[in-house]
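# Let's see this in three dimensions:
(2 chains)
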Amino acid sequence: NAGVTQTPKFQVLKTGQSMTLQCAQDMNHNSMYWYRQDPGMGLRLIYYSASEGTTDKGEVPNGYNVSRLNKREFSLRLESAAPSQTSVYFCATKREGNTGELFFGEGSRLTVL
Amino acid sequence: AQRVTQPEKLLSVFKGAPVELKCNYSYSGSPELFWYVQYSRQRLQLLLRHISRESIKGFTADLNKGETSFHLKKPFAQEEDSAMYYCALRGNTPLVFGKGTRLSVIA
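Now for the predicted structure:
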């Protein structure tokens, strides 16, 4: 059981380039989330998906798009990367009915030059 | 609006000393509070939740609705407790995290 798997683990981009962060889970959870972690800012929610086919904005959605491809996969896309998007990105899932426990991936460290 | 405040960015204590990581929240409804921990080179993981009223790794946290606080406490700190700790709140939106407190336990 891999749990929550994120790819890539590290990426360096130039300003204006695009890329997609992939997240896959084998836990059969309905809800999936993308957070970014920045020093002194904690974790901030970018987008989430309560179920397959639905997505909603979080606290900091600007500059990002998401796709809930199926129940297992939830991708995060940066169409035109900016230095302000340099961060560590975490994907997480939550079991239906569970009151709050999130299961996190290992994180993807993105640097935009 | 839901908000979580962790006033300390860094907390350093000596091994064997008591630890208290502060967390205050703002939410008009009935909140669910959690503590998450991130050890070096490990995934963020749930430490404890207020509804369970349990002790995990010697840590406890009591929800004080009057003071809107959910402080994390441990009577005797261990070196392996050194980590990043996040307080989180679930109200009517997905989990909202505080900015985190880095705990450093000095031998």
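# correct me, but B:Asp81 touches B:Lys74?
Yes: counting by C-beta atoms under 8 Å, B:Lys74 is a contact partner of B:Asp81 at 6.8 Å. Quick note: C-beta positions are derived from backbone N, CA and C, even for glycine.
# joint contacts of those two?
B:19, B:57 (C-beta atoms under 8 Å, 6 or more residues apart in numbering or on different chains).
# interface residues of chain B facing chain A?
Within chain B, the positions near chain A by C-beta under 8 Å from any C-beta of the partner chain are B:6, B:9, B:32, B:34, B:36, B:43-46, B:49, B:51, B:86, B:88, B:90, B:94-100.
# 10 Å instead?
Counting by C-beta under 10 Å from any C-beta of the partner chain, the positions of chain B adjacent to chain A are B:2, B:4, B:6, B:9, B:32-34, B:36, B:38, B:41-46, B:49-52, B:84, B:86-90, B:93-101.
# In ChimeraX, select just the buried ones from those.
The buried residues among the residues of chain B next to chain A can be selected in ChimeraX (16 or more other C-beta atoms under 10 Å in any protein chain shown) with this line:
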select /B:2,4,6,32,33,34,36,38,43,44,46,49,50,84,86,87,88,89,90,94,95,96,97,98,99,100,101
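# which residue is nearest the centroid of chain A?
With distances taken as C-alpha atoms, centre = their mean, chain A has A:Trp34 as the residue nearest its mean C-alpha position (2.9 Å).
# Now for it: which residues touch it?
For A:Trp34, the contacting residues are A:6, A:21, A:23, A:44-49, A:55, A:58, A:60-61, A:64, A:66, A:74-76, A:89-92, A:105, A:108, by C-beta atoms under 10 Å, 6 or more residues apart in numbering or on different chains.
# how does it look with 7 Å?
A:46-47, A:66, A:76, A:89, A:91 (C-beta atoms under 7 Å, 6 or more residues apart in numbering or on different chains).
# do A:Leu113 as well
A:12, A:14-15.
# out of these, which are buried?
Buried among these by 16+ other C-beta under 10 Å: none.
# just those residues now: which is nearest chain B?
A:Val12 (20.5 Å; C-beta to the nearest C-beta).
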